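>>> give me the fold of what follows.
(chains A and B)
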Amino acid sequence: MSRPILEAKNLRVAFNGVKAADGASIAIHDGEFLAIIGPNGSGKTTLLNICTGYIRPISGSVLLDGNDITRMSPRAIARRGVARAFQIPQLFSAQRVIDNMMLALAAKDGLWSAIRPLETAERRDEAKALLELVGLDGDADRISSTLPEGHRKLLDIAVALALKPRLLLLDEPTSGVSALERFPLMEALMSALRQRRITALFVEHDMDVVARYASRVLVWNAGNIMAEGRPDEVFGNAQVRERVVGVA
Amino acid sequence: MRIILAAAAVVMLAALAFAAPWLQFVLTLAIAKGFAALGVAVLLRAGLISIGHAMFFAASAYGAAFLARAGINDLGLLLILSVLVSALIGAIAGSFLVRYRAIFFAMLNLAVSMVFYALCAKLYGVTGGTDGLPVPIPAVFGTVFAEPVFKSILFYLSLTLMVLVGLAVHRYLDSPLGHALSAVHSNEIRLEYLGIPVWAVLLIAYTISAALAGLGGAIAGFAIGRVVPDFAFWTASGHLVLIAVLGGIGGVPGAFIGALFLELLHSAAVTVTDAWNLFVGITLIVVIMFMPQGIYGLFERKEAQSS
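Sure thing, here's the model as predicted:
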């Protein structure tokens, strides 16, 4: 197997005595599309928060390309090529959809150029292309707070893609997206990830999405890994079917 | 359309001051306060209200007085150096103030400015106490002009700076850095996850806003010919916020529109009644209730309707 991009080792985190991570370790390798499933409140989002520097574990470490990033800020980790899309979309609500995109593109290549305007023809085209990818090209000039929830979610993913990450962490990418839009979104996302050689880790509750798109599945339960493997192996596990798939 | 309107307004101001020289002082002071209000408006974009920006206004005017006393007698040099003084103080104060938000930011700015005010008022031997310090008429390109001529030069210089600095600030606000500043108000978490250092974005904005207030303060010092601690008093800071809100923070011209409107209203109202604050208060109530985007918002709305 290829080298791991991201490794989390022996993580321990608890909130008011409830363990969100209890000595668990995970690794994600180049080119993988790793799905994390598990019951609500099992600590999946906490895992993403730890990996992106938003929460610091009580013990354990997170390595990116073998370098310790456990104590780094989300900003420092983002600059090392890790982008994140959130369960609740994190947007600049008062700004236009296209401005959200262009600011993300500028963050990657030219924030400190105070002379050039944010909107350049090149940046606008790039932003439009990404919006087209997620099906939001018609909403480019809308204020992002006026978008329906599903579209806000798509924009959040497009913003993360605009950072041209090596590793993308997606927290429930299809939640809030209508059933009709779910699979087209995932197809577009997968195509973008493959084209741009982006490795991805995603937390998901929709087992159809997981079964169809994940290259590997990890079952997270009460801060520990209950099962791990290819989707068919994991969904064939009786314990997983009983305790996670049935309630997920 | 917007550019034509702005150009027409500048030409009108220049013509007005030429036709009625007695208005030059009022207009110079309005532009000076417009610079300081623009500084406040820059921070308002990030949702940060500073009730202490008069400190930078005063610091720069004191800077000009001290520098003049030290023998520097050139208007251009004095302006540049006194703006640098306020920018430096802004960078130092901003380095810890921009870590705070909402009421804590507003109150800490107020507190710092009142410490500065107290120092200006109490350090009699240095600052002249409540008597303040004179800001002598400097030389312009090596020539010291008589007061009326100097005041005219100062007005037209202020008008020119209003256009040039206004364009520069517009460019800054339209740059990625300026958009990141507005984004602070919307979502700091997303900014961090984009790899953008919020603290640095705010510190740059704070330093720019202090420099703008400083530019206003230096011009006011030269116009009045004296700097007193009241320049830094908290009511002066509140006045700057009032101008910014009244004019509107949607664009650079808002601060200058607010300042010109308020100064002219003040000048007209004092000829009628001592209770001129009543007029100002009523105007502010009307603006907040019916024009939440300020006076400049009216122009923007008209333009949006016509396009």
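>>> hey, let's count contacts and neighbours off CA atoms from now on
Fine.
>>> can I assume A:Ser178 is in contact with A:Pro148?
No - with contacts counted by Cα atoms under 8 Å, A:Ser178 stays clear of A:Pro148, the gap being 10.7 Å.
>>> where does chain A dip in pLDDT?
Counting by pLDDT under 70, chain A shows low-confidence ranges at A:1-2, A:110-115, A:245-248.
>>> would you map the strands across it?
A:4-15, A:18-29, A:33-37, A:59-64, A:67-68, A:82-85, A:167-171, A:199-203, A:216-221, A:224-229 (DSSP state E).
>>> before we move on, what about the stretch 51-200 of chain B?
According to DSSP state E, counting those that start in this stretch, the stretch 51-200 of chain B carries its strands in the segments B:133-134.
>>> contact residues of it facing chain A?
Residues of the stretch 51-200 of chain B lying close to chain A by Cα under 8 Å from any Cα of the partner chain are B:171-172, B:174-180, B:183, B:186-187, B:189-190, B:192-197.
>>> restricted to helices, list those.
When those are checked against helices (DSSP state H), the matches are B:171-172, B:174, B:176-180, B:183, B:186, B:189-190, B:192-193.
>>> contact residues of chain A facing chain B?
Counting by Cα under 8 Å from any Cα, chain A comes close to chain B at A:74-79, A:83-84, A:90-95, A:103-104, A:106-108, A:110-118, A:160, A:163.
>>> return the member of the ones in helices among the residues of the stretch 51-200 of chain B next to chain A nearest to B:Gly52.
When these are compared for distance to B:Gly52 (Cα to Cα), B:Gly178 comes out closest, at 21.9 Å.
>>> from B:Ile3, how far off is that closest one?
Using Cα to Cα, to the nearest Å, B:Gly178 is found at 20 Å from B:Ile3.
>>> okay, the two: which has more neighbours?
Here B:Gly178 and B:Ile3 are compared on neighbour count by other Cα atoms under 10 Å in any protein chain shown; more neighbours surround B:Gly178, at 26 against 8.
>>> pass me the low-pLDDT residue ranges in the stretch 151-300 of chain B, would you?
Within the stretch 151-300 of chain B, the set of residues satisfying pLDDT under 70 is empty.
>>> tell me which stretches of it form helices.
Counting by DSSP state H, counting those that start in this stretch, the segments of the stretch 151-300 of chain B that form helices are B:176-186, B:188-193, B:198-224, B:234-247, B:253-270, B:276-290, B:294-306.
>>> just these: most buried one?
A comparison of these by mean neighbour count, using mean count of other Cα atoms under 10 Å in any protein chain shown, puts helix B:198-224 on top with a mean of 26.
>>> which helices and strands does it pack with?
If contacts are counted by 3 or more Cα pairs under 8 Å, 6 or more residues apart in numbering or on different chains; DSSP states H and E, helix B:198-224 sits against helix B:23-44, helix B:54-69, helix B:75-97, helix B:147-174, helix B:176-186, helix B:188-193.
>>> mind redoing it with 6 Å?
Counting contacts by 3 or more Cα pairs under 6 Å, 6 or more residues apart in numbering or on different chains; DSSP states H and E, the secondary-structure elements packed against helix B:198-224 are helix B:23-44, helix B:54-69, helix B:75-97.
>>> quick one: buried residues of stretch B:64-77?
Residues B:Ala64, B:Ala65, B:Phe66, B:Leu67, B:Ala68, B:Ile72, B:Asn73, B:Asp74, B:Leu75 are the ones in stretch B:64-77 that count as buried (16 or more other Cα atoms under 10 Å in any protein chain shown).
>>> between the residues you listed, which sits nearest chain A?
Within these, distances to chain A taken as Cα to the nearest Cα reach their minimum at B:Leu75, with 27.6 Å.
>>> remind me, longest helix of chain A?
Here the longest helix in chain A is taken by residue count, with DSSP H as the criterion, and it is helix A:179-195.
>>> and which of the ones in helices among the residues of the stretch 51-200 of chain B next to chain A is nearest B:Ala59?
The nearest member of those to B:Ala59, counting by Cα to Cα, is B:Tyr172 at 24.0 Å.
>>> roughly how far apart are the closest one and B:His239?
25 Å.
>>> show me how chain A divides into domains.
For chain A, the domain assignment from automatic domain parsing gives the residue ranges A:1-81+A:167-248, A:90-164.
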